[in-house]
Structures are given as structure tokens and as C-alpha cells.
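Asks: Quick one: sequence and predicted model below, then my questions.
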Amino acid sequence: MVIRTVTIGPLETNCYIVIDEATNKAIVIDPGDEPDRIMETAEGAKILYIVLTHAHFDHVGAVADLKNITGAKVIIHAEELEMYETARDQAAFWGYQMEPLPPPDILFKEGDELSFGNVGFVVIHTPGHTPGSICLYSNGVVITGDTLFRGSVGRTDFPGGDINQLRASFRKLMGLPDETAVLAGHGPPSTIGVERVENLFSMEI
């Protein structure tokens, strides 16, 4: 498994392209902007799925273009559907334009598995930043969207945010092994062990 990162858009969102080297099959996680750069970073890999950790506009802005280019299936958590359907309004509120989003092809729930080639991810439902926020866990790596950052966590003052749910989600992630690499929606990587000790949010639980 190869994970490539491209930081895109005005809010510097981390988009991840995960590729199974044996089959050249891939997924794209959180394509918030700049579809051309995402495709360049994929380097010809066959993109089967577009997976969204949540549906804030800075994580979904290139979904329509990527689906048109690749034909990939779009996946979100079932509880994120309303947020997804209002993403264009979110973008407009912040002064950005966004293409209409295609309807999702698959709705995740807690514990679902996503496989492509020889790679598989388990879906961890982590509400708090948004109702349908998810993290994706595989082989010592967790991709956390805006649930968990290096030294911090996602905001809960946007519509759909809930600080108590985020606390529970944080505790859930802290149950992963210490050596698990954390790849967040913004900012640098970390590990679960580092976050358990150093994350300011750990003091609140």
C-alpha cells in the first residue's frame, strides 16, 4: 500500500491517494479542490472510489470533476448525507464556488470495510466535527479527516458539531495501537501514541 498526499485548495486540505501497488487500484480520500493535481499525483492508478471523511466544502470540492474523469464511486457515511447535500451552500457562504455534487453511490456505516486490490480499510464512525465524520483504519494507519489533528481536534461550532460526541470519538481513536500513524485532514502527520500524551484534547477526557 502506497499513500500519497497532496495538499490542496485555499484551506490547505490534505487529500490522500491510496494505491495498491500489486494491482494499481486506488482510492482518493477528501478531494477538496484541484482535480488536475490529484490526478497527476495518482500517476495513472485506477481510481475506484472517492471516499469522504466528511462533507465540508473544502473536502468535497473536486468530487464532481474526479467522478467525471474516473467514473469512481462516491462514498460517505449515511449520517453525512444532509451535510453533503448542502456543501455548495457552505462553499457559497465562505465565498467559494463549487460544482453540483453527484449523488453518493455508497453510504457507509460503522464497521464497514472497503477493499480494493489487496488493500482494505475499516470504517470508524467518529461524529463530533460533523454527524457523519469517519476515520479509515488499515495496517497501522488511520486517516482521520477533521476529527483528529496533530495536537488538536476538529471544530464543533459549525452546524452539526457536537463536543460530547467528539470527546467520545477521540476516546475511540485513542484505543488504537500507539504506533498507528495519524494522517489528518489538515496539517502534519502524527501517531496515536503521541496524541494520547500530547494532544490538548486528551486532558478534557
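Replies: Nice, I can see it.
Asks: any low-confidence regions in the chain?
Replies: 94, 203-205 (pLDDT under 70).
Asks: Looking at it, which helix is longest?
Replies: helix 163-173 (DSSP state H).
Asks: Would you mark the buried spots in that one?
Replies: Neighbour-count burial for helix 163-173 flags Gln165, Leu166, Arg167, Ser169, Phe170, Leu173 (criterion: 16 or more other Cβ atoms under 10 Å). To be clear about C-beta, it is placed using only N, CA and C from the backbone, and glycine gets the same treatment.
Asks: same thing with stretch 57-74?
Replies: Within stretch 57-74, the residues scored as buried using 16+ other Cβ under 10 Å are 57-67, 70, 72-74.
Asks: distance of the closest residue to Lys109 other than its chain neighbours from Ser190?
Replies: Nearest residue to Lys109 in three dimensions, chain neighbours excluded: Ala78, at 5.8 Å (Cβ to Cβ, 6 or more residues apart in numbering). Look at Ala78 and Ser190: by Cβ to Cβ, to the nearest Å, they are 28 Å apart.
Asks: Who has more neighbours out of those two?
Replies: Ser190 (20 against 15; other Cβ atoms under 10 Å).
Asks: Looks like the more buried one contacts Val153 (just checking).
Replies: No - counting by Cβ atoms under 8 Å, Ser190 does not reach Val153; the two are 12.0 Å apart.
Asks: neighbours of His54, just the number please.
Replies: His54: 28 neighbours (other Cβ under 10 Å).
Asks: Ok, Met39 next?
Replies: Other residues near Met39 come to 21 when the count uses other Cβ under 10 Å.
Asks: circling back: farthest-separated two in the buried residues of helix 163-173?
Replies: Spatial extent of the buried residues of helix 163-173 (Cβ to Cβ) is set by the pair Gln165 and Leu173 at 12.8 Å.
Asks: residue contacts, the residue lying closest to Gly151 once chain neighbours are set aside?
Replies: Among residues not flanking Gly151 along the chain, Asn199 sits closest, at 5.7 Å (Cβ to Cβ, 6+ apart). Shown in contact with Asn199 (Cβ atoms under 8 Å, 6 or more residues apart in numbering): Leu148, Gly151, Ser152, Val153, Phe170.
Asks: Thanks again, I'm all set now.
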